[in-house]
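A.B. asks: Need the 3D shape of this:
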Amino acid sequence: MATRKPLLSPEAAAFVAGGDAAPASAPAPVPAAPQELQEEGRVRFTVDLPKTLHRRLKQRALDADQPMTELVRRALSEWLAAQS
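C.D. replies: This is a model prediction of the structure:
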């Protein structure tokens, strides 16, 4: 009978098993939200975007190494502040 290739690397297997080994490349920390947003509760809502706008947002988030939600929160906060 042929031997099977392991599904996980040794590091991943140790991590899954609860070992002390950290993943080879840990994700970068997400910057903290502004103080006023940290103190409030959260509400989830859905927005339908055109595919091109979503693609641009996603690319900008990748370039900035930040989540898309953070970019949207910041843009909405700035826009609403400018409307006052």
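
A.B. asks: and the lengthiest helix in the chain, average pLDDT?
C.D. replies: Secondary structure of the chain per DSSP state H: the longest helix is helix 68-83. Across helix 68-83, pLDDT averages out at 93.

A.B. asks: can you check stretch 17-31 too?
C.D. replies: In the prediction, stretch 17-31 has an average pLDDT of 61.

A.B. asks: follow-up on the earlier one: and the longest helix of the chain, what's buried?
C.D. replies: Applying a neighbour-count criterion of 16 or more other CB atoms under 10 Å, one finds residue 70 buried in helix 68-83. C-betas here are computed from N, CA, C, even on glycine.

A.B. asks: ranges for the strands of the chain?
C.D. replies: Secondary structure of the chain (DSSP state E): no strands located.

A.B. asks: what about the helices in it?
C.D. replies: Assigned by DSSP H, the chain shows helices spanning 10-16, 35-39, 51-64, 68-83.

A.B. asks: Nice, that's everything, thank you.
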